[in-house]
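Novice: Sequence and predicted structure below; questions after.
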Amino acid sequence: MKILIKYVLITLISISLFNCNSDDDSNSEQNLLLGKWEVTSGNFIGSQPKYLIFNSNNTLDFLFERDLGFKRIFTSDYTVSSESEVEINVQGFLPFQYTLNQNTLSISDGPNTLQLIKNENAPNVEDWIKVLSILEEGNAPWDGSVDIAFTYDKTKIVYGNTNTSEYIGLIDPNTFEEVGQIETTYNAYAVEVEKFDVPDKYIFQSDGGSDRFYGYSENNNNLDVTSSSLGPWIRGLASINSTQIWASSHSAKRLYLYNYSTELIEETIAIEIQPEGLDYQNGFLYICDGQYLHKCQTTPNFEALETYIIEDKSIEGIAFDGTNFWINGRDFSSDSPKLIKTNLTL
């Protein structure tokens, strides 16, 4: 009798283990798309991502990289509805057809087909776009998508003003209160302080949709610099030294290296993003595009090296306090403008 009971128990355990393994195999077979895939050719919904990552929580990460290294991520929900169809939550599209052949995958949206190969050594999402931490955060003094700067002594934030052509604000970074003003006659979407240690530095600013920027003497506020015609909507300015400055045209998608001593455009770089705020530190150009912040090298060739994001915040302006980078942006949850000290350093 004891032998019979022991035999029955062993049989039941074996059946249970077989069923578990069968379930695991079944789950694996139901979603063979799981993992990292590298794009080898083709287009998908009018664009070409570099990697697709199918996650076990039914989210799909599209990792994009433009020619000059600018990165972005698009995340969607997905469901494998059959052996040949995957439903991806992209508005306006029916389920996508896919063909899986061992480590190769093709996904079609109708006229376009994306070819991929399995690559588990592809980057992780957290390495593709780095998430910045917020060290301090305060309300911006007024609403507006503007670039920012620090005074040369790093004691105040120079804050552009799109609402009035009468003044630029000076903000205390400890209290986030306005503690001074710089008179102007332009709507300063971009502001910058000349990186040159002389008593009479220039305060640079742009004006609304203008294709020029202007330099005022810090001592007497006289207009001493008017740039040549660049692209419209100058949204970022980044001083390099006593003669050179980078300017970004949001509408033209251009970066300009401008020499204001010779009044010459020394370099023009066409980029695939619409640049906003700029800063130049330690040989690198930092570019905001509204959603991401890109750290770029400018020589020997221009290339975006790193891309950053702040969760639930836009990134429109950038400045450096000598240790950390500050961001001007909008809090999506409260729909309010914010000044943010981040953990990003040189």
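Specialist: Arrived safely, thanks for sending.
Novice: Helices along the chain, start to end?
Specialist: 2-30, 125-128 (DSSP state H).
Novice: Worst mean pLDDT among these?
Specialist: Among the helices of the chain, helix 2-30 has the lowest mean pLDDT, at a mean of 39.
Novice: mind listing what residue 148 touches?
Specialist: 157, 158, 159, 160, 191, 277, 317, 318, 319, 326, 328, 339 (CB atoms under 8 Å, 6 or more residues apart in numbering). C-beta here means a position set from N, CA and C on the backbone, and glycine is covered the same way.
Novice: Can you select the buried ones among these for me in ChimeraX?
Specialist: Here is the ChimeraX command that selects the buried residues among the contacts of residue 148 (16 or more other CB atoms under 10 Å):
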select :157,158,159,160,191,277,317,318,319,326,328,339
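Novice: Return the set of buried residues in the longest strand belonging to the chain.
Specialist: Taking DSSP state E as the criterion, the chain has its longest strand at strand 71-80. Neighbour counts over strand 71-80 (16+ other CB under 10 Å) mark 71, 72, 73, 78, 80 as buried.
Novice: Just the CA coordinates for it, please, in CSV.
Specialist: The C-alpha coordinates for strand 71-80 follow below in CSV (Å, rounded to 0.1, in the frame of the first residue of the first chain):
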residue,chain,number,x,y,z
LYS,A,71,18.5,60.4,-29.9
ARG,A,72,14.9,60.0,-28.9
ILE,A,73,12.5,57.3,-27.7
PHE,A,74,8.9,56.5,-28.5
THR,A,75,7.1,53.9,-26.3
SER,A,76,3.8,52.2,-27.2
ASP,A,77,1.7,49.3,-25.9
TYR,A,78,1.6,46.2,-28.1
THR,A,79,-0.2,42.9,-28.2
VAL,A,80,0.7,39.9,-30.3
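Novice: what distance separates it from the centre of its chain?
Specialist: The chain centre lies 16 Å from the centre of strand 71-80; the measure is CA atoms, centre = their mean, to the nearest Å.
Novice: got the contact list for that strand?
Specialist: 30-31, 33, 49, 54, 58-65, 86-90, 125, 128-129, 291-292, 294, 304, 307.
Novice: The residues you listed in strands, which ones?
Specialist: Those of the contacts of strand 71-80 lying in strands (DSSP E): 54, 59-65, 86-88, 294, 304, 307.
Novice: Same list, these, but as a markdown table with distance to residue 102 and pLDDT please.
Specialist: Shown next, in a markdown table, are these (distance: CB to CB, whole Å; pLDDT from 0 to 100):
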| residue | distance to residue 102 | pLDDT |
| --- | --- | --- |
| 54 | 16 | 97 |
| 59 | 24 | 96 |
| 60 | 20 | 96 |
| 61 | 22 | 97 |
| 62 | 23 | 96 |
| 63 | 22 | 98 |
| 64 | 26 | 97 |
| 65 | 26 | 97 |
| 86 | 17 | 94 |
| 87 | 23 | 93 |
| 88 | 22 | 92 |
| 294 | 37 | 98 |
| 304 | 34 | 98 |
| 307 | 33 | 98 |
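Novice: Make a PyMOL selection of the buried ones in those residues.
Specialist: Applied in PyMOL, the following selects the buried portion of those according to 16+ other CB under 10 Å:
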select buried, resi 54+60+61+62+63+64+65+86+87+88+294+304+307
